[in-house]
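Trainee: Provided below are the primary sequence and the corresponding predicted coordinates.
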Amino acid sequence: NLVLFDTLLRLGDDSLILGQRLSEWCGHAPSVEVDLSLANMGLDLIGQATHFLGAAGAAEGRGRDGDALAFRRDVLDFRNCWLVEQPNGDFAQTMARQFLFSTWQQMLFDRLTASTDATIAAIAAKAVKEVTYHAELAAEWVVRLGDGTEESRRRMAAGLDWMWRFIPELFEMDEIATEAAERGIGTDVTLFRADYDARIAAVLAEATLEAPKDQRPIVGGRRGHHSEHLGHILAPMQFLQRTYPDATW
Amino acid sequence: NLVLFDTLLRLGDDSLILGQRLSEWCGHAPSVEVDLSLANMGLDLIGQATHFLGAAGAAEGRGRDGDALAFRRDVLDFRNCWLVEQPNGDFAQTMARQFLFSTWQQMLFDRLTASTDATIAAIAAKAVKEVTYHAELAAEWVVRLGDGTEESRRRMAAGLDWMWRFIPELFEMDEIATEAAERGIGTDVTLFRADYDARIAAVLAEATLEAPKDQRPIVGGRRGHHSEHLGHILAPMQFLQRTYPDATW
Amino acid sequence: PDKLAAFEARVAADEFIEPKDWMPEAYRRTLTRQISQHAHSEIVGMLPEGNWITRAPSLRRKAILLAKVQDEAGHGLYLYSAAETLGTSREEMIEALHSGKAKYSTIFNYPTLTWADIGAIGWLVDGAAIMNQVPLQRTSYGPYARAMVRVCKEESFHQRQGYEIMMHLAAGTPAQKRMAQDALDRWWWPSLMMFGPTDDNSPNTAQSMRWRIKRDTNDELRQKFVDITVPQADAIGLSVPDPELRWNEDKGGYDFGPVDWEEFYAVVRGEGPVAKERMKARREAWEEGAWVREAAAAYAEKHAARRAA
Amino acid sequence: PDKLAAFEARVAADEFIEPKDWMPEAYRRTLTRQISQHAHSEIVGMLPEGNWITRAPSLRRKAILLAKVQDEAGHGLYLYSAAETLGTSREEMIEALHSGKAKYSTIFNYPTLTWADIGAIGWLVDGAAIMNQVPLQRTSYGPYARAMVRVCKEESFHQRQGYEIMMHLAAGTPAQKRMAQDALDRWWWPSLMMFGPTDDNSPNTAQSMRWRIKRDTNDELRQKFVDITVPQADAIGLSVPDPELRWNEDKGGYDFGPVDWEEFYAVVRGEGPVAKERMKARREAWEEGAWVREAAAAYAEKHAARRAA
């Protein structure tokens, strides 16, 4: 069941880490409305992580629950992609990350509603609505900032430039992803790469922005090889569980 | 031996937390020379912390060594003052903190060389030279920035303004400090308050800066009641020891 | 004078005053100050709790806390809207906050030091807020009263969640229980200060009560809070940090020790332990977000222009 | 041409060229590029290790790491000074770094993911650096050679400390051993890339060797590094991640698999995994520190003026 376990970890960790990143904004957003919408997305993502990681613990069958998985693994055991662990930066950078990720997650969850694993299918079915909204909201901001002022345009372009190199990892099909797709638990993400590219291009066009230059793909997150950011995300996130190992909360 | 233990913790935690703060600058200072001098002060402070906390562990006699004390206590058990846990801010803020703290620490260590506790006396005798240098270096920067450009002056004033309210805590004589002074382990810090104020005033005068307005003292660090910053300092600092409790390094 | 008499008669009859109705300038001014201060408190109040979202100890607690802080942002929005109906823009109110002219609740100038503080804030701070706010559901100004109805419903939910955290900690490991007691020790007195100065130092109370924008005196509310909260602390085995606290059979309430009013006024002056952090965070969020707000406005304008063309 | 012949004769005789001596423009240019690139590597190299100072697992390790990074800043300083003797100012060199014109070692574009990476950097990266640098103690340019003497002494100290960390981890808990092996897996190939392209892709090697600013070819140094390092890995029970690695009795050294030169050139182009982080950190430090450098200059000027008056 390693494939199911790992598939669930990848899904759960993506949501968890991005949710954690978004929650860093709390109280610091450009307006109360934006604060609300970032918290709202963060909440959706933490909810998804709770379901996926709970299911991962069950699939593993070694008595770890979602909290144990979220709070008691170190970086090498995290399975999220590099994109979600990237720093918030300014609001444009946060929206660049959200747009590139949620657009992908929406297409992914859409397909996962047909997963042969009933739990994955059920979580995806609920989450796809949330994520569709995230993708739309982020796309609106990409357009608004790209086609807003000179400054917002510059910042939006810089945000996309920072995040762009992490797209290829989203479409990586390693052994586990391939087997998950073959077993129908997961899906072959390369099949919607063209749709994804088209959607990104359409939004960038509307935002009057050019796509950044492609570069050598950066991968490794799905095998536990992350950027330096993840360790700094985990240290505060896991502090209480690490410090008080015998406590429940 | 609670008084000795607590006295040593206060001394060690001040050095440890300020050393930790300074080490955050590493690689990010305004020039290589400044990077070097910040790392140098950080190193001195970590060295002092190692001695004081090691002695604290011995005084406690419950088998905790310096690392156990540094890496396995949570906020309520830390005994440092609020000043040292304040954020680095910009370089002026860092220098304001250093100036106000090192000037005090130098006067303190100078007196502690006469401590009836041989360990404290020995650590202080070695450290007072280091700290004298820190105080001088910081004072030079206060003068240089205060009397530099318009911008540096504004920033230096803002840095002092942020740190000023934490001075009274340095001169607080609670029960433990009083007993430590009576037993000759510690010293009555109020006795050098006037010297301290005079020294600060002289440097500010040279820097052509006015002293910030006094406000209600903020205290509590010596009893474990800290600002919100300390928790964020401890989370990364203690991460490895918390995450791998059975490991040695 | 006719208008004034009519206004006062409506208020006395517990009718709602609506934005388009005539009202005395002092009423408008007092209400604007009160509602905007309340709105600012919701927004600044996100910070001490936001400080623990990234460190919440379980996924469930993280979600609950995130939802709570989100509710507070929502409350801030209703309240700014209610205040705007009185003729002051949200930007003006925010500028007043950032310049230090407008105030927010003193309680948010204390640090959240441990996870137990999140429990203590829910239990004590939201508890005190509810005590203040429940009567305001019947305040004389319509938009404010209606905002309060929604706010109060959510606040009492938050209060229960906070108490539940404390209960859990108090029944937990020794370290957790210590954390809980320490949080109560630190938050108790500041919570009592939330009701404001004693009645003899609160000169505007009479006028505000006559206008039905206050329905009980500060001391009445404080007494009520103590009477409700002390048994809650007892129930989970925590002690209220007041050596003078004892039940007074005659008055059917607790006697309690004196609040440190010097501390209160210092905090009102902006000298609370983390007041500088709070204002810095809010100012930076606002200033660093300026380009986003400008971009959104520019985009909306371009778009409207294009559509019109 | 006389000057040139005299210069070449001195170099061939292993004499030192000093700043005031005549030298060919190409020599000056090549050396400036090489020394400044080396200086930049020291400074950028502070970042991956600096990333772990705040998280070092014991007070002793923290102090050692802080001292090491401090040494690197010191090396950066000597090297900038050595390069300045060739007529380019430190500011110009730093501008060239920030604009992407000047390079630094590709190795620092990889992330330090776990504590074991600090060991791996000391062991492998400093190890490779020493291999490159030891011969430079006898390089033809005097100030560079003298800087190298000091640098090499400290680097070999760092290398031993790094190996000691790895040894400790490899003998530690299973989690620690895994961390150590994983670090070796990730740093091995990038370390081999530190010696630069293969000799047949390194057209300037011959000229540099004639000028004595390079004393061995890239492939010679790489081979030497592999031969020294593989037994070190064996000694602490770690495996070098190269299935083609085997001892070759005939050449008295190891055969090893091909380096991924596509990755190398991508990293040279600035596409390393954390290249953006490194350049952002350096640029921000420089830009955000501008006011400090300006203030120091303004103060010094005022002061000099006052003294003169």
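Mentor: Cool, the structure landed.
Trainee: what ranges do the helices span in chain A?
Mentor: Shown for chain A, the helices assigned by DSSP state H span residues A:2-23, A:32-60, A:66-71, A:82-85, A:91-112, A:118-146, A:150-164, A:167-170, A:175-182, A:193-206, A:229-237, A:239-243.
Trainee: and what of chain C?
Mentor: With DSSP H as the criterion, chain C has helices at C:2-12, C:25-44, C:46-53, C:59-84, C:90-98, C:116-120, C:127-133, C:142-170, C:174-193, C:205-210, C:218-235, C:261-268, C:275-288, C:290-308.
Trainee: Show me which residues of the longest one are buried.
Mentor: By that I understand helix C:142-170. Taking 16 or more other Cβ atoms under 10 Å in any protein chain shown as the basis for neighbour counts, the residues of helix C:142-170 that come out buried are C:142-145, C:147-148, C:151-152, C:154-156, C:158-159, C:161-163, C:165-170. In short, each C-beta sits where N, CA and C put it, glycine included.
Trainee: One more: the fifth one?
Mentor: Along helix C:90-98, the positions that meet the burial threshold by neighbour count (16+ other Cβ under 10 Å) are C:90, C:93-94, C:96-97.
Trainee: re earlier: mind checking the helices of chain C for the one nearest to B:Ile123?
Mentor: Shortest separation from B:Ile123 across the helices of chain C is recorded for helix C:174-193, at 30.4 Å, computed as Cβ to Cβ.
Trainee: What residues sit buried inside that closest one?
Mentor: Using 16+ other Cβ under 10 Å, the residues of helix C:174-193 that count as buried are C:175-184, C:186-193.
Trainee: Tabulate the helices of chain C in CSV, adding columns for distance to chain B and mean pLDDT.
Mentor: Written out in CSV, the entries for the helices of chain C read as follows (distance: least, Cβ to the nearest Cβ, whole Å; pLDDT from 0 to 100):
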stretch, distance to chain B, mean pLDDT
helix C:2-12, 39, 93
helix C:25-44, 14, 96
helix C:46-53, 5, 98
helix C:59-84, 15, 97
helix C:90-98, 16, 97
helix C:116-120, 9, 98
helix C:127-133, 21, 95
helix C:142-170, 13, 95
helix C:174-193, 6, 98
helix C:205-210, 26, 89
helix C:218-235, 19, 97
helix C:261-268, 4, 97
helix C:275-288, 6, 97
helix C:290-308, 20, 92
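Trainee: Give me whichever of those helices is most buried.
Mentor: Greatest average neighbour count among the helices of chain C goes to helix C:116-120 (a mean of 28), per mean count of other Cβ atoms under 10 Å in any protein chain shown.
Trainee: Now for the residue in chain A that chain C sits nearest to, how many residues are close by?
Mentor: Among the residues of chain A, A:Pro30 lies closest to chain C, at 2.5 Å counting by Cβ to the nearest Cβ. A:Pro30 is surrounded by 23 other residues when neighbours are defined as other Cβ atoms under 10 Å in any protein chain shown.
Trainee: what's the distance between it and A:Gly19?
Mentor: Computed as Cβ to Cβ, to the nearest Å, the A:Pro30 to A:Gly19 distance reads 20 Å.
Trainee: Please apply the same query to C:Met166.
Mentor: Counting by Cβ to Cβ, the gap from C:Met166 to A:Gly19 is 26 Å.
Trainee: And C:Met179, by the same measure?
Mentor: 25 Å.
Trainee: got it, and C:Trp261?
Mentor: The spacing between C:Trp261 and A:Gly19, counted by Cβ to Cβ, is 43 Å.
Trainee: contact partners of stretch A:19-31?
Mentor: Contacting residues not belonging to stretch A:19-31 are listed as A:35, A:38-39, A:41-46, A:48-49, A:84-88, A:91, A:94, A:97, A:233, A:237, C:43, C:46-47, C:50, C:53-54, C:62, C:66, C:69, C:281, C:284-286, C:288-290, C:292-293 [Cβ atoms under 8 Å, 6 or more residues apart in numbering or on different chains].
Trainee: now could you export just the CA positions of that stretch as PDB?
Mentor: Presented in PDB, the C-alpha positions along stretch A:19-31 are these (Å, rounded to 0.1, in the frame of the first residue of the first chain):
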ATOM      1  CA  GLY A  19      -2.400  26.300   3.800                       C
ATOM      2  CA  GLN A  20       0.400  27.000   6.300                       C
ATOM      3  CA  ARG A  21       1.900  29.500   4.000                       C
ATOM      4  CA  LEU A  22      -1.400  31.300   3.400                       C
ATOM      5  CA  SER A  23      -2.000  31.500   7.200                       C
ATOM      6  CA  GLU A  24       1.200  33.400   7.600                       C
ATOM      7  CA  TRP A  25      -0.600  36.300   5.900                       C
ATOM      8  CA  CYS A  26      -3.200  36.500   8.700                       C
ATOM      9  CA  GLY A  27      -3.600  40.100   9.800                       C
ATOM     10  CA  HIS A  28      -1.000  41.400   7.300                       C
ATOM     11  CA  ALA A  29      -2.900  41.500   4.000                       C
ATOM     12  CA  PRO A  30      -3.400  44.600   1.900                       C
ATOM     13  CA  SER A  31      -7.100  44.900   3.000                       C
END
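Trainee: what's the offset of it from the middle of its chain?
Mentor: The gap between where stretch A:19-31 is centred and where its chain is centred comes out at 16 Å by Cα atoms, centre = their mean, to the nearest Å.
Trainee: I'm done for today, thanks for sticking with me.
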